[in-house]
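Colleague: here is a sequence together with a model predicted from it:
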Amino acid sequence: MLELTSQQTMDLNSGIAAFETKSFGRAMQLLSPLADLGSDEAQFRVAVMWQNGLGVAANEANAYQNMRAAAEQGHALAEHGLGFMYLEGECVAKDEKQAAEWFRKAANQGMAGSMTTLAMMYRNGQGVEKDEAKAKRLLQAAGFDEEAFG
């Protein structure tokens, strides 16, 4: 795990605050150097900004690189985001099997959205072998009443 100096921690917190208040130019200025150092929190937010052209011109390669780096460090939101990149073919070639793997990792960290998406993938046999029982278990784990999804 990356150890940040007190100044870097302040920059990270300021960058996250700037991101959350939609001051994306400032957020990129503060977070980009920390993402380059390996901060998963910074990498995730920088990836979102690169992917969506927030405060910078959109750049799919940079978005993927940062999202994957954060996901590989176990950042649950980045695992979920990387799953969607693979599922939709955004910033990377579409690969439903890879999508399922990243959604599974995020689901194992309690991400309800990943559980739900993975359940639908099991229900449809999308990137995984069709398995209605697994789909129902995932939906229940995500907090849904299985009847809500027929």
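Modeller: Received, thanks.

Colleague: okay, now the domains of this protein?
Modeller: Following automatic domain parsing, the chain resolves into domains at 1-73, 77-145.

Colleague: residue 34: neighbour count?
Modeller: When neighbours are defined as other CB atoms under 10 Å, residue 34 has 22 of them. Glycine gets a C-beta too; all of them are placed from N, C-alpha and C.

Colleague: from residue 9, how far off is it?
Modeller: Distance of residue 34 to residue 9, given as CB to CB, to the nearest Å: 9 Å.

Colleague: got it, and residue 51?
Modeller: 25 Å.

Colleague: of the two, which one has the most company?
Modeller: Higher neighbour count among residue 51 and residue 9: residue 51, with 21 against 13, using other CB under 10 Å.

Colleague: what's the closest non-adjacent residue to that one?
Modeller: What sits nearest to residue 51 in space, not counting adjacent residues and going by CB to CB, 6 or more residues apart in numbering, is residue 63, at 3.7 Å.

Colleague: which one is residue 39 nearest to, not counting chain neighbours?
Modeller: Using CB to CB, 6+ apart, the closest residue to residue 39 is residue 2 (5.5 Å).

Colleague: so that neighbour: helix, strand or coil?
Modeller: Three-state assignment for residue 2 (DSSP: H, G, I helix; E, B strand; the rest coil): coil.

Colleague: just the element for residue 93, please.
Modeller: Element membership for residue 93, per DSSP states H and E: none, as it lies in no helix or strand.

Colleague: residues contacting it?
Modeller: Applying CB atoms under 8 Å, 6 or more residues apart in numbering, we find residue 93 in contact with no residue.
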